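J.: Below is the structure, and that's it, no one-letter string:
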Ligand SMILES: [Zn+2]
Ligand SMILES: [Zn+2]
């Protein structure tokens, strides 16, 4: 065995022998570079590429669902302010977290739009909710002021 051995070497680590080839670009991978997606081996750039091409993550849709639900249950704010509050906060938090994951390449880029919409809808819900509560609070104090 010499350094000029014909055994394939890792494309990134010249001193490591390859154990697999990337299923997408075909570059040689050592055990350290190898990333498995299902049954196939991929290099790190191809894994992130596949992620960015994939459909939006469930977290992105979940955030969007919460954001929409916040607006849907908004009319019952008067009776129960809790559901829109929870949905609004959930939409903002989940949307923000998912947007961060997409920026770091951990989630598919397609989730960017639902995550952003969830974030905006969540703030909208919270904004309307607080305006609504302030209005009723003001009415309540005005009415009790009249009586007293
Ligand atoms: Zn590759
Ligand atoms: Zn390597």
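T.: Everything's here; your move. None of these values were measured; they are calculated from a predicted model. Ligands and ions are numbered 1, 2, ... in the order given.
J.: The protein: strands as residue ranges?
T.: 20-21, 28-29, 35-37, 40-42 (DSSP state E).
J.: Tell me which of the ones you listed sits nearest to ligand 2.
T.: Minimum separation from ligand 2 across the strands of the chain (CB to the ion) falls at strand 28-29, 6.1 Å. (Each C-beta comes from the backbone N, C-alpha and C, glycine too.)
J.: Please list the residues of the chain that sit near ligand 1.
T.: Within the chain, the positions adjacent to ligand 1 are 22, 24, 25, 43, 46 by CB under 5 Å from the ion.
J.: what's the closest of the residues you listed to ligand 2?
T.: residue 43 (8.8 Å).
J.: Please report the distance of that closest one from residue 26.
T.: Separation of residue 43 from residue 26 (CB to CB, to the nearest Å) stands at 9 Å.
J.: Could you do residue 80 as well?
T.: Residue 80 is 58 Å from residue 26, where distance means CB to CB.
J.: Run a quick neighbour tally on residue 55.
T.: Residues lying near residue 55 (other CB atoms under 10 Å) number 10.
J.: which ones are touching it?
T.: Residue 55 makes contact with 108, 110 under the criterion CB atoms under 8 Å, 6 or more residues apart in numbering.
J.: My guess is residue 62 contacts residue 94. True?
T.: Yes. Between residue 62 and residue 94 there is a contact under CB atoms under 8 Å: 6.1 Å.
J.: So between the two, which is more surrounded?
T.: Neighbour count, other CB under 10 Å: between residue 62 and residue 94, residue 94 has more, with 23 against 18.
J.: which residue sits closest to the residue nearest the centre of the chain in space, ignoring its chain neighbours?
T.: Centroid check for the chain by CA atoms, centre = their mean gives residue 98 as the closest residue, at 1.9 Å. In space, and not counting its chain neighbours, residue 98 is closest to residue 115: 4.0 Å by CB to CB, 6 or more residues apart in numbering.
J.: Let me know the distance separating the residue nearest to the centre of the chain from ligand 1.
T.: Distance, residue 98 to ligand 1, using CB to the ion, to the nearest Å: 26 Å.
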